[in-house]
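Undergrad: Following is a predicted model, sequence given first.
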Amino acid sequence: MDQNEQHITRIEQDGKTYVLIGTAHVSKYSAEEVKEVIKEEQPDAVCVELDEGRYQSIVDGNKWKNMDIFKVIKEKKTTLLLMNLAISSFQKRIAKQFDIKPGQEMIQGIESAEEVGAELVLADRNIQTTFARVWGSIGFKGKMTLLTQVLAGIFSNEDITEEELEKMKSQDSIDAILSEFTEAFPRLKGPLIDERDQYLAEKIKRAPGTHIVAVLGAAHVPGIKEELKKEHDLDQLTTKPKKSKWPKRIGWSIPVAIVLLVLATFMMNPDAGYEQMTRWLLWNGTFSAIGVAIALGHPLSILTALVMAPITSLNPLMAAGWFSGIVQAYVRTPQVSDFEQLSEDVYTVKGFWKNKVTRILLIVMLANIGSTLGTVIAGTDIIRLFISNL
């Protein structure tokens, strides 16, 4: 274990011993190291960087078979699920490159805890809470930039060497990565890194016994070392931010403004008013339909987007993608085999389009993106025609 000592942090505090193992999430050496350390330490408790949802996904390999795709669409969780699958795809690609399971170090932590009779502690914050707090901390531009960078990284075909993975464990490299990260998204470091450090540290402190081993992503170790010295309010760290009223107000003000501009133009020049309506129908419907076509949707799903986008764009409570996704789910209902293959199909970009489940998610997302783009273009046309008829 001597060569790996740089990845192990031992802390004596308040009569307890904490052993923090800094791991790379896709590295066979990390998994071996976790097994070795827990066997040698014989701790009272083992803390792993997992929440209940991710733990269940590890222990229940059949979880996808029980997913209700209609419920996912109705609860507006398609983008969140698609992003989770995309991130999973990124980890799987690297894991397959090195012939290991993604998250193997966490799996090993679970297994080793049972082997030595230690109590297992799920120490991470719920992933949806983290996403909600992250999403609420950045503006529209930040959201678009973040999504673009994440997707670009996910769909990259670049290989990464095992040496590069292991290098990620060094604290100097981690500090450099976080420095660049916070320069691009200064407000993102709080909910994504700092708050999770605080939550993880508090859960580790509350773990039973006096000898605790924690299996953590290397990026969290420096922060957790400091946060272990402090007290933290878990309730405050798990509170989802209140949704601002402004997005809803803006969401309603845009369609109201569009309708008023069209009515005003009709009163001045009926022909121009009809042209505005035509532009609205064509731009909205066409771009939304193109989005569904890009996702290889069924012709009925494409037609649904074409018809519904101009209507749903005037009602913030609805979205064209929901209707197209539901139609796609009816005419191309995912089979058990699609759910069984889901974890493998998300390994490649082609698999996202091939699998009926992920294709539905893509249809919902791309139809909505197309409708939004159509709204911007059509809205600009409507304003131009209104001004020209003053």
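TA: Thanks, I have it.
Undergrad: Ramachandran angles for the nearest residue to H232 once chain neighbours are set aside?
TA: Spatial nearest neighbour of H232, excluding adjacent residues (C-beta to C-beta, 6 or more residues apart in numbering): E202 at 4.2 Å. The C-beta positions use only the backbone N, C-alpha and C, and glycine is treated the same way. Phi and psi for E202, reported as degrees, to the nearest 10, are phi -70, psi -40.
Undergrad: E202 contacts Q236, correct?
TA: No. Applying C-beta atoms under 8 Å, one finds E202 not in contact with Q236, separated by 10.7 Å.
Undergrad: So between the two, which is more surrounded?
TA: Between E202 and Q236, E202 has the larger neighbour count (other C-beta atoms under 10 Å), namely 19 against 10.
Undergrad: Wait, G217 touches L20, no?
TA: No. Applying C-beta under 8 Å, one finds G217 not in contact with L20, separated by 10.8 Å.
Undergrad: what about these two, which has more around it?
TA: Applying other C-beta under 10 Å to G217 and L20 shows that L20 carries more neighbours, namely 27 against 20.
Undergrad: partner residues bridging that one?
TA: With DSSP bridges as the criterion, L20 is bridged to T9, A214.
Undergrad: Let's see the pLDDT reported for A289.
TA: Note on A289: pLDDT of 96.
Undergrad: Of all the residues in the helix or strand encompassing it, which ones are buried?
TA: Element membership for A289 (DSSP states H and E) is helix 270-294. Buried residues in helix 270-294, counting neighbours by 16 or more other C-beta atoms under 10 Å, are found at 272-273, 275-277, 279-293.
Undergrad: cool, and stretch 383-390?
TA: Neighbour counts over stretch 383-390 (16+ other C-beta under 10 Å) mark L385, F386, N389 as buried.
Undergrad: Now flag whichever of those is closest to S253.
TA: Nearest to S253 among those, counting by C-beta to C-beta, is F386 at 16.1 Å.
Undergrad: secondary structure class for L314?
TA: With DSSP: H, G, I helix; E, B strand; the rest coil as the basis, L314 sits in coil.
Undergrad: pretty sure it is touching V259, no?
TA: Yes. Contact status for L314 versus V259: in contact at 7.0 Å, counting by C-beta under 8 Å.
Undergrad: Between those two, which has more neighbouring residues?
TA: Between L314 and V259, counted using other C-beta under 10 Å, L314 has the larger neighbour count: 16 against 13.
Undergrad: Pull the contacting residues for that one.
TA: When contacts are counted by C-beta atoms under 8 Å, 6 or more residues apart in numbering, L314 touches P255, I258, V259.
Undergrad: Give me the phi and psi for it.
TA: L314 adopts backbone torsions of phi -100, psi 0, taken as degrees, to the nearest 10.
Undergrad: same check, this time on N269
TA: phi -160, psi 100.
Undergrad: Please read off the pLDDT at it from the model.
TA: Note on N269: pLDDT of 91.
Undergrad: same check, this time on the one 3 residues further on
TA: Turning to A272, the model gives it a pLDDT of 90.
Undergrad: residues in contact with it?
TA: Counting by C-beta under 8 Å, 6+ apart, A272 touches T265, F266, L385, S388, N389.
Undergrad: closest to C47 among those residues?
TA: The closest of the contacts of A272 to C47 turns out to be L385 (C-beta to C-beta; 62.1 Å).
Undergrad: For the stretch 101-250 of the chain, which segments count as helices?
TA: 104-116, 127-135, 140-154, 162-167, 171-184, 189, 195-205, 221-227, 234-237, 245-268 (DSSP state H, counting those that start in this stretch).
Undergrad: If you average pLDDT over each of those helices, which is lowest?
TA: The minimum mean pLDDT among those belongs to helix 171-184 (a mean of 46).
Undergrad: what's the spacing between R279 and A113?
TA: 62 Å (C-beta to C-beta, to the nearest Å).
Undergrad: helices or strands next to the helix or strand harbouring F339 in the packing?
TA: Per DSSP H and E, F339 falls inside helix 336-345. Secondary-structure packing of helix 336-345 (3 or more C-beta pairs under 8 Å, 6 or more residues apart in numbering; DSSP states H and E): helix 78-97, helix 349-354, helix 356-388.
Undergrad: Just the mean pLDDT for it, thanks.
TA: Here the average pLDDT along helix 336-345 is 70.
Undergrad: Equivalent analysis for stretch 38-47, please.
TA: Stretch 38-47 shows a mean pLDDT of 95.
Undergrad: Tell me the buried residues in that stretch?
TA: I38, E41, P43, D44, A45, V46, C47.
Undergrad: Give me the contact list for that stretch.
TA: 1, 19, 109-110, 112-113, 115-116, 118-121, 123, 200, 203-204, 207-216.
Undergrad: one step back: against C47, how distant is the residue nearest to H232?
TA: Computed with C-beta to C-beta, the distance linking E202 and C47 is 11 Å.
Undergrad: same question, T286
TA: Here the criterion is C-beta to C-beta. By it, T286 lies 53 Å from C47.
Undergrad: Same check on R279?
TA: For R279, the distance to C47 (C-beta to C-beta) stands at 58 Å.
Undergrad: ok, of the contacts of L314, which one's closest to V327?
TA: Nearest to V327 among the contacts of L314, with distances taken as C-beta to C-beta, is P255, at 23.3 Å.
Undergrad: Quick check: chain neighbours aside, which residue is closest to the closest one?
TA: Distances taken as C-beta to C-beta, 6+ apart place L314 nearest to P255, at 4.1 Å, with adjacent residues excluded.
Undergrad: ok, now W280?
TA: Nearest in space to W280, with sequence neighbours left out and distances taken as C-beta to C-beta, 6+ apart, is A378 at 4.6 Å.
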